[in-house]
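Peer 1: only geometry, no sequence info:
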């Protein structure tokens, strides 16, 4: 009787999740996206790709590099990206336009090398394929995270989690724009799941490929490397695999574009000039937010960083013998009869 009531309760939650998901999808695709497109059209920026706009720069730069050996970070390439996304290049003299370098290619150069097979296809076909693949990868990511955490979810609970995740605002935005971060999320989940299962070489390779968006995975990669150094003899396959694949990705990109690293960093440093401000600054307003916002952000980031560092030190102390222990072991070895 208790099992039957729990089962009925689970299905009721699933039905509610379906209703909430339907409402959120309708809001996003039926109300929010049309309004955004209307505003873009008023500004004269509505004649390009909107669906799939985050993946378009990768597809275009990969195609141009493959067919014409063009530099993805060049000014001419930026203008062609803008024409594809907005129907015209951005005019920096127009006060209603973003800055002239808006939507410049902001990924590491090896992203184009990894995506070059897609460059052989027309972009409309690519974005239709991604519209199928990205939701599947996101759903699989949930399964992988649950496996990595050792949490067993029944079919109804798993379906509820997948449904609520796919209908969340952030994921809907990523799916509509075909954001490569969804692929990175899958690679990160697969890497951590493989790490938990002891497949260290596979985990290191997956984590290296996730660096196509290093702002998402750089800290995770750093922590995992420190984790591997704590028991080097046991965990070095992970570090070696990760560093080897990173070297291959960066090195092969340097062979094609020898100057890509400083050019990429230049794009990253200029990104703050046209990206939206941090949420705290945006909420507090330009006057108060510009003064108080950075301090609040530093506090929010600093407290977890202190906790993370102290936890790391404690973990290291648990796994690495202290100098007193080493001296004691050495003394015991000398006093042992031969």
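Peer 2: All right, it came through fine. Given the structure is predicted, the values throughout are model-derived calculations rather than measurements.

Peer 1: Please count neighbours and contacts with C-alpha atoms only from this point.
Peer 2: Fine.

Peer 1: Can you pull up the most central residue in this protein?
Peer 2: Closest to where the C-alpha atoms of the chain average out (CA atoms, centre = their mean) is residue 181, at 3.7 Å.

Peer 1: Next up, phi/psi of the closest residue in space to it that isn't next to it in sequence, please.
Peer 2: With CA to CA, 6 or more residues apart in numbering as the criterion, residue 181 has its nearest non-adjacent residue at 6.9 Å, and that residue is residue 213. For residue 213, the backbone dihedrals (degrees, to the nearest 10) come out as phi -130, psi 80.

Peer 1: Please, which helix or strand holds residue 93?
Peer 2: Here residue 93 sits in a region with no helix or strand, counting by DSSP states H and E.

Peer 1: can you pull the contacts of it?
Peer 2: Contacts here follow CA atoms under 8 Å, 6 or more residues apart in numbering; on that basis residue 93 touches nothing.

Peer 1: okay, it: pLDDT?
Peer 2: Per-residue pLDDT puts residue 93 at 79.

Peer 1: Next one: it relative to residue 100, how far apart?
Peer 2: 9 Å (CA to CA, to the nearest Å).

Peer 1: Show me the shaky parts of the stretch 201-338 of the chain.
Peer 2: 272-338 (pLDDT under 70).

Peer 1: Would you confirm that the residue nearest to residue 181 contacts residue 184?
Peer 2: Yes - between residue 213 and residue 184 there is a contact under CA atoms under 8 Å: 7.0 Å.

Peer 1: So the two - more neighbours on which side?
Peer 2: residue 184 (24 against 18; other CA atoms under 10 Å).

Peer 1: Mind listing what's buried along the helix or strand where that one lies?
Peer 2: In the assignment (DSSP H and E), residue 184 maps to helix 181-196. Using 16 or more other CA atoms under 10 Å as the test for burial, helix 181-196 gives 181-195.

Peer 1: And for stretch 144-159?
Peer 2: Buried residues in stretch 144-159 (16+ other CA under 10 Å): 144-148, 158-159.

Peer 1: Ok, stretch 19-35 next?
Peer 2: 20-21, 24-25, 28, 33.

Peer 1: now stretch 115-133
Peer 2: Going by 16+ other CA under 10 Å, stretch 115-133 has these buried residues: 116, 118-119, 123, 126-127, 130-131.

Peer 1: So which of these are in helices?
Peer 2: 116, 118-119, 123, 126-127, 130-131 (DSSP state H).

Peer 1: What are the structural domain limits within the chain?
Peer 2: Domain assignment for the chain by automatic domain parsing gives 10-271, 281-323.

Peer 1: roughly how far out does the first one sit from the chain middle?
Peer 2: Read it as domain 10-271. Centroid displacement of domain 10-271 relative to its chain, using CA atoms, centre = their mean, to the nearest Å, is 6 Å.

Peer 1: Check the separation of the first and last residues in that domain.
Peer 2: 45 Å.

Peer 1: what residues does stretch 44-60 touch?
Peer 2: 37-38, 40-41, 81, 83-88, 103-105, 111-112, 115-116, 118-119, 123, 127, 176-180.

Peer 1: at 6 Å what do you get?
Peer 2: Under the contact criterion CA atoms under 6 Å, 6 or more residues apart in numbering, stretch 44-60 has outside partners 40, 81, 84-87, 119, 127, 176-179.

Peer 1: For PyMOL, write a command that selects the buried ones of these.
Peer 2: Remark: buried members of the contacts of stretch 44-60, expressed as a PyMOL selection using 16+ other CA under 10 Å:
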select buried, resi 81+84+85+86+87+119+127+176+177+178+179
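
Peer 1: Many thanks, we can stop here.
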